[in-house]
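S.K.: Next comes the sequence, and after it the predicted model I'd like to discuss.
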Amino acid sequence: MTGPDLRRPPRGQRFTEPFLRARPVPIGRRSALLLAAVSLAGLAIFTWPLFVRTPPQTIQHVNDAPFVFVLILPVLVLLVLAQLADGGMDSKALAMLGVLSALNAALRPLGAGLNGIETVFFLLVLAGRVFGPGFGFVLGCTSMFASALLTAGVGPWLPFQMMSSAWIGMGAGLLPYRMFGRRIGRTGELAMLVGYGVFAAYAFGLLMNMWFWPFLTGSTMGESSTLAYVPGAPIGENLHRFLVFTLFTSFGWDTGRAVTNAVAILVLGPAVLAVLRRAVRRANFAPAIRFDPPGAGNPAVPRPEEHPSPRKDRP
């Protein structure tokens, strides 16, 4: 057999824990370090106005958005190369990445601009859960970039949308498989994904508000407004103003996104998860499986090598 059989173990043997948690794109040390560094840099890109005094302006990130975009693209290439070097991504995983990016790009126009109904995130959450955090990070970036080309959504906000979506995909891949010492069942997994989809909807709204709020509100509302960013003010005060701004301006839109994610994951989640995991099994993305031999862990059962077969040259 050329590859691991992911359907069932041989007769008399049992699956080990690495099989139960096998993912098509495992995270190696280099990939993990790169993801951590990129996430810290992305967080700094979003929140630097809270730490540095910046004058309000009506045009947000027009000057620095191209640099952010130029920063993200090499990071994606480096991440893919790191995954290839770690043995976690091969040509089949890259092909699956392309297919899911195209599907997500095609889903986005179905609900864009309609009371917060956005259909691009539920597939990202499910794919990140099945394929792992590294795959989910890259899928979030490529999905948002491809969908922006389809919907004419290219602008200074695009790099920030790509980074936010990448975090959503990565977070879905980091969700646990065990809680309180027990493996999460199908119902528990679905409930966890629904909760994460709701959380991701509001988190995406907060991040996308942060990318423009320090530059827009101070120039249009004035510092006297309780919704405006105040340059040089304490971080706690500006964060309070930011939360109030989000509550009064985008909470309803974010709620529509959260409801869409919850309903889509609840209704379509089981079928989509089954299809994605079947693709994993058929493509043999996962690392090689180790089967315990008969009697492993039970000293009372002799191992096969302890009873060699008789030599054929004996009469």
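M.R.: Perfect, thanks for sending it.

S.K.: Could you give the number of residues near G188?
M.R.: Neighbour count for G188, taken as other C-beta atoms under 10 Å: 12. Bear in mind the C-beta positions are built from the backbone N, C-alpha and C, glycine included.

S.K.: Doesn't it belong to a helix?
M.R.: Yes - following the definition DSSP: H, G, I helix; E, B strand; the rest coil, G188 is counted among the residues of a helix.

S.K.: longest helix anywhere in this protein?
M.R.: Counting by DSSP state H, the longest helix found in the chain is helix 251-283.

S.K.: So which elements touch it?
M.R.: Taking 3 or more C-beta pairs under 8 Å, 6 or more residues apart in numbering; DSSP states H and E as contact, the helices and strands that helix 251-283 lies on are helix 91-107, helix 121-131, helix 186-210.

S.K.: Mean pLDDT lowest where, among these?
M.R.: Comparing mean pLDDT across the helices and strands packed on helix 251-283, the weakest is helix 91-107, with a mean of 86.

S.K.: can I get the CA coordinates of it in CSV?
M.R.: What follows is the C-alpha trace of helix 91-107 in CSV, where atoms were taken according to Å, rounded to 0.1, in the frame of the first residue of the first chain:
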residue,chain,number,x,y,z
SER,A,91,0.2,19.6,-4.4
LYS,A,92,-3.1,18.1,-3.4
ALA,A,93,-3.4,20.5,-0.4
LEU,A,94,-2.6,23.5,-2.7
ALA,A,95,-5.3,22.3,-5.2
MET,A,96,-7.8,22.1,-2.4
LEU,A,97,-6.8,25.6,-1.3
GLY,A,98,-7.5,26.9,-4.8
VAL,A,99,-10.9,25.2,-4.9
LEU,A,100,-12.1,26.5,-1.6
SER,A,101,-10.8,30.0,-2.3
ALA,A,102,-12.8,30.0,-5.5
LEU,A,103,-15.9,28.7,-3.7
ASN,A,104,-15.6,31.3,-1.1
ALA,A,105,-15.1,34.0,-3.7
ALA,A,106,-18.3,32.9,-5.4
LEU,A,107,-20.3,32.8,-2.2
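
S.K.: buried set for the longest helix of the chain?
M.R.: Buried positions in helix 251-283, judged by neighbour count with 16 or more other C-beta atoms under 10 Å: 254-262, 264-265, 269, 272-273, 276, 279-280, 283.

S.K.: and if you look at stretch 41-48?
M.R.: With the criterion 16+ other C-beta under 10 Å, stretch 41-48 contains buried residues 42, 45-47.

S.K.: Over to stretch 182-198?
M.R.: In stretch 182-198, counting by 16+ other C-beta under 10 Å, buried: 184, 189-190, 192-194, 196-198.

S.K.: angle of the host helix or strand of C141 against helix 121-131?
M.R.: Element membership of C141 [criterion: DSSP states H and E] is helix 133-150. Put simply, helix 133-150 runs at 150 degrees to helix 121-131, going by axes from the mean of the first three to the mean of the last three C-alpha atoms, to 10 degrees.

S.K.: mean confidence score for helix 133-150?
M.R.: Per-residue pLDDT over helix 133-150 has a mean of 87.

S.K.: Name the next helix or strand downstream of that helix, please.
M.R.: Of the helices and strands lying after helix 133-150 in sequence (DSSP H and E), the nearest is helix 158-173.

S.K.: just the angle between that next one and helix 186-210, please?
M.R.: Between the direction of helix 158-173 and that of helix 186-210, the angle (the same axes, to 10 degrees) works out to 160 degrees.

S.K.: helices or strands next to helix 158-173 in the packing?
M.R.: On a contact count with 3+ C-beta pairs under 8 Å, 6+ apart, helix 158-173 meets helix 29-51, helix 65-85, helix 121-131, helix 133-150, helix 186-210.

S.K.: Now do the same contact list for the nearest residue in space to V272 that is not next to it in sequence.
M.R.: The shortest distance from V272 to any residue that is not its chain neighbour, by C-beta to C-beta, 6 or more residues apart in numbering, is 5.0 Å, and that residue is L126. Contact partners of L126, counting by C-beta atoms under 8 Å, 6 or more residues apart in numbering, are 172, 193, 265, 269, 272-273, 276.

S.K.: show me where pLDDT drops low in the stretch 151-300 of the chain?
M.R.: In the predicted model of the stretch 151-300 of the chain, residues 152, 216-225, 283-300 satisfy pLDDT under 70.

S.K.: If we use 80, what do you get?
M.R.: Filtered on pLDDT under 80, the stretch 151-300 of the chain yields the residue ranges 151-157, 214-233, 281-300.

S.K.: The longest helix of the chain vs helix 158-173, what angle?
M.R.: Computed by the same axes, to 10 degrees, the angle between helix 251-283 and helix 158-173 is 60 degrees.

S.K.: Looking at the helices and strands packed on helix 251-283, which is nearest to A228?
M.R.: With C-beta to C-beta as the criterion, A228 lies closest to helix 186-210 of the helices and strands packed on helix 251-283, at 13.2 Å.

S.K.: helices or strands next to the closest one in the packing?
M.R.: Looks like helix 186-210 contacts helix 29-51, helix 121-131, helix 158-173, helix 235-249, helix 251-283 (3+ C-beta pairs under 8 Å, 6+ apart).
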